[in-house]
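Asker: Take this sequence and fold it.
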Amino acid sequence: MADVFRGIRVSELIRSEPLLISQLGRNASLQKSLVAFCDGLHQKKWTDAQLAEF
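Answerer: Residues are numbered from 1 along each chain as shown. Okay, the predicted model is just below:
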């Protein structure tokens, strides 16, 4: 769970960057975090408390 949160936080750090390459990197980071979240969701790795944090 910490890795998913960390990935989201890192991608949010460059949210205001005007360069296209920065936004492409942000998009890739968010996508990886979303895949990790969905994998955990499908494998029922998240507790109700963890899901509430998301």
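Asker: helix or strand for the residue sitting nearest the centre point of the chain, which one?
Answerer: Central residue of the chain (CA atoms, centre = their mean): S33, 3.1 Å from the mean position. Counting by DSSP states H and E, the element that carries S33 is helix 20-42.
Asker: Figure out how far that helix is from the centre of its chain.
Answerer: From the chain centre to the centre of helix 20-42 is a distance of 5 Å (CA atoms, centre = their mean, to the nearest Å).
Asker: Next: stretch 19-31.
Answerer: Distance, stretch centre to chain centre, for stretch 19-31: 12 Å (CA atoms, centre = their mean).
Asker: Around the closest residue to L30 other than its chain neighbours, count how many other residues there are.
Answerer: Closest residue to L30 apart from its sequence neighbours, by CB to CB, 6 or more residues apart in numbering: S11 at 4.7 Å. For every residue, glycine as well, the C-beta is placed using N, CA and C. Residues near S11, counting by other CB atoms under 10 Å, number 19.
Asker: What residues of the helix holding S33 count as buried?
Answerer: Buried residues in helix 20-42, counted by 16 or more other CB atoms under 10 Å: R26, S29, S33, A36, F37, G40.
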